[in-house]
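Enquirer: from the sequence below, what's the structure:
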Amino acid sequence: MAVLPLLADPQSYVACEWDLLTDPAGREYWLDVFRNHIDTLVRSAIASGATQEQCAIVRKNLTAYLDEIEKNPSVQGNPLDIISLDKVRTKALHDAGIHDAFRAAKERETKAALLQLPDRLKFLDSLTGTERRVELIRGIFAGNFFDMGAVSIAEQYVDDNGNTFSQALSQVRSRPWLIDHADDLDPQHHNKILMFVDNAGGDIVLGMLPLARELARNGAVVTLAANSDPALNDVTHEELVTLLDKSTGLDAVIDRLRTEQKLRTVPTGTGAPLINLAEIGSELTQSAQGTDLLILEGMGRALESNFSAKFTCETWSFAVIKDKGVARRFGGSMFDCICRLRPPFS
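Expert: Here you go, the predicted model:
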């Protein structure tokens, strides 16, 4: 695995600062979160074609893995963090022969979002200045509600009862947000942008894709980085390429930007809802060279991991808090919004 060249101090970089070996209360909290998520995991897997027998194996093995960590926290080695627990969940799925437990929900939500894309872009294009910039960010927050890893809302999406994009927009918190640097973001003066995207559905289609379109239309080359392997309802690189192909003809600007190679994609070489930027794929490392703006989206990539990471370029972070433990850790409340700007570290 390779290291992201944008890390200012790779030697001191810690992907996930919440050390569950030294925090017994935090460890207990996250073990319970993963246990409480098993029902959602199983129901989503069945909806995506897994058998009852496969799901019984997942339930048995994942429960056993989590119980063992509770008894012997060092069994997974050091560090023990949320990324470690993600890996345990993935192993339980793979041991049962389940590769993509949330495929059905991702396909349904992405299909619905693509139908709404032309109208959303038309509305954004009718706005100007600060109003347009803020509405682009609100769209990211609205899309980020589609999160099958957040127990608080995941069950709604298993049953296809989750918020529509318009409903989610109406529920985005009013400004000022918990961290609100929206007025300081400059969408016009960057040349090369690397954007780590999060979920399928409205998150990528109606949230991050319009932002990528805006930045690329202003002259930058924008590369969207997506997981190589499935993790929860995160969009994979393969799915990202497919949905961009399906968007052909829906928006002349996106079509032109793709033809001009100003809107690109790259696989991360990873497969988790959080990301360790010291363990990425070589293709991503090459794509990151020369980047002058890094964008991290989602609670996993921007808060639970990489919150204190130092980068050599300007960094924007966007997230909606959908976990009570994360809310407490960052001094906020459920569904608080994060729009954060960090200058290059020097």
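
Enquirer: only C-alpha atoms for contact and neighbour calcs from this point on.
Expert: Fine.

Enquirer: model confidence for residue 271, exactly?
Expert: Residue 271 is assigned a predicted lDDT (pLDDT) of 97.

Enquirer: is it in a helix, a strand, or coil?
Expert: What DSSP: H, G, I helix; E, B strand; the rest coil gives for residue 271 is coil.

Enquirer: also the one 4 residues further on?
Expert: Classification of residue 275 by three-state DSSP places it in coil.

Enquirer: may I ask you to confirm that it is in contact with residue 303?
Expert: No. Between residue 275 and residue 303 there is no contact under C-alpha atoms under 8 Å: 10.6 Å.

Enquirer: how is the chain divided into domains?
Expert: 18-95, 105-342 (automatic domain parsing).

Enquirer: is residue 97 located within a helix, as I assumed?
Expert: No. Residue 97 sits outside any helix when classified using three-state DSSP, being coil.

Enquirer: give me the element the closest residue to it other than its chain neighbours is part of.
Expert: Leaving aside its chain neighbours, residue 97 sits nearest to residue 54 (7.1 Å; criterion: C-alpha to C-alpha, 6 or more residues apart in numbering). Element membership for residue 54, per DSSP states H and E: helix 52-71.

Enquirer: and that helix, what does it pack onto?
Expert: helix 24-36, helix 38-47, helix 82-95 (3 or more C-alpha pairs under 8 Å, 6 or more residues apart in numbering; DSSP states H and E).

Enquirer: residues near the nearest residue to residue 255 once chain neighbours are set aside, how many?
Expert: Of all residues not flanking residue 255 in the chain, residue 248 sits nearest, at 6.0 Å (C-alpha to C-alpha, 6+ apart). Residues within reach of residue 248, counting by other C-alpha atoms under 10 Å, total 13.

Enquirer: from residue 24, how far out is the residue of the chain positioned farthest from its centre?
Expert: The centre of the chain is farthest from one residue, residue 71, which by C-alpha atoms, centre = their mean lies 30.9 Å away. The gap separating residue 71 from residue 24 is 11 Å, by C-alpha to C-alpha, to the nearest Å.

Enquirer: check residue 233 too.
Expert: 29 Å.

Enquirer: those two: who's more crowded?
Expert: residue 233 (26 against 13).

Enquirer: list the residues that contact the more buried one.
Expert: Shown in contact with residue 233 (C-alpha atoms under 8 Å, 6 or more residues apart in numbering): 102-103, 105-106, 147-149, 199-200.

Enquirer: taking these one by one, which sit in helices?
Expert: 103, 105-106 (DSSP state H).

Enquirer: a markdown table for those residues, including distance to residue 334?
Expert: Formatted as a markdown table, the ones in helices among the contacts of residue 233 follow (distance: C-alpha to C-alpha, whole Å):
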| residue | distance to residue 334 |
| --- | --- |
| 103 | 27 |
| 105 | 23 |
| 106 | 24 |
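
Enquirer: list buried residues within these.
Expert: 103, 105-106 (16 or more other C-alpha atoms under 10 Å).

Enquirer: so what touches stretch 61-68?
Expert: With C-alpha under 8 Å, 6+ apart, stretch 61-68 has contacts from 31, 35, 75, 88-89, 92.

Enquirer: sec struct for residue 225, please.
Expert: With three-state DSSP as the criterion, residue 225 reads strand.
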